[in-house]
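> Based on what follows, work out the 3D shape:
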Amino acid sequence: EHVRDLELGAGWRAPRLTLALTAYSMAFRNEITPIGALSYLGLPLRKNVGSSSRRGVELDAAWRATRALTVTGNVAVSRGRIRAYTDDASGQTFRDVEPLLSPRLIANHALEYRRGMLGVSLGGRYVGRAYLNNTGNRDFVTPPSHVVDAGADVAVGRVSLMATMRNVTGATVYTSGYTDGVTSYYYLAAPRNLFATVTTRF
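This is a model prediction of the structure:
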């Protein structure tokens, strides 16, 4: 495969606020792309597509609201296209379709409060809808999702303890998947779960 990648970025920094913006344009020839099906070993099957592209913008921001509180976030908006994709099973050609597992919008946001030896955080991640194959068929998609995580850490001397609660709301999240052209199969994110880590320095 061959790709021409053009990227342009700009940044702005103030005492309490930092912004960074990046735009990109990727033009592929003979891209080796997954087709949305698995081999008998469970590996993603791939094929070449003659012409495809991915274009988008990414924005990162960090705001130090107070000495203890920081707000961060980033947003990625993208548009991927395959000029012509031929489905091997049916022989049908689909034109100007979105590549699979390429959500148009991904956004992350977080609050972090740190005071002395104590730190607390709350964050989330939104992922938009994505197709499970390259046909543009809305019957085979991962629905949009939003996951919230929370954490706390404390350090006393040489010992630190960190606890993280992931998927606080217990949301059902389809992280990825595949299709055989008839049925959609999904990979699920873990339900609400807790991680605890103890670190000791010698």
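> CA only for contacts and neighbour counts going forward, please
Will do.
> What distance do you get for residue 80 to residue 101?
10 Å (CA to CA, to the nearest Å).
> Also residue 165?
Residue 165 is 27 Å from residue 101, by CA to CA.
> the more surrounded of these two?
residue 101 (21 against 17; other CA atoms under 10 Å).
> Now do the strands in this protein.
2-13, 17-38, 44-64, 69-86, 93-97, 105-115, 118-127, 130-131, 141-142, 145-156, 159-166, 174-179, 184-188, 193-200 (DSSP state E).
> Give the partner strands of the second one in its sheet and their orientations.
By that I understand strand 17-38. strand 2-13 (antiparallel), strand 44-64 (antiparallel) (DSSP bridges).
> and the last one, average pLDDT?
Mean pLDDT, taken over the full extent of strand 44-64, equals 96.
> likewise the first one?
Here strand 2-13 scores 97 as its mean pLDDT.
> So which residues make contact with that strand?
18-31 (CA atoms under 8 Å, 6 or more residues apart in numbering).
> try it again with 10 Å
Residues outside strand 2-13 that contact it (CA atoms under 10 Å, 6 or more residues apart in numbering): 18-32, 51-62.
> Now the buried members of these.
19, 21, 23, 25, 27-28, 31, 51-62 (16 or more other CA atoms under 10 Å).
> Enumerate the positions of stretch 195-202 that are buried.
The neighbour-count check on stretch 195-202 (16+ other CA under 10 Å) flags nothing as buried.
> now swap in stretch 138-153 and tell me
Buried residues in stretch 138-153, counted by 16+ other CA under 10 Å: 140-142, 144-153.
> Point out where this structure drops to low pLDDT.
The chain contains no residues with pLDDT under 70.
> sorry, back to before: show me which pair in the buried residues of stretch 138-153 is furthest apart.
Of all pairs drawn from the buried residues of stretch 138-153, the greatest distance, 40.8 Å, lies between 140 and 153 (CA to CA).
> Fine by me, we can end here.
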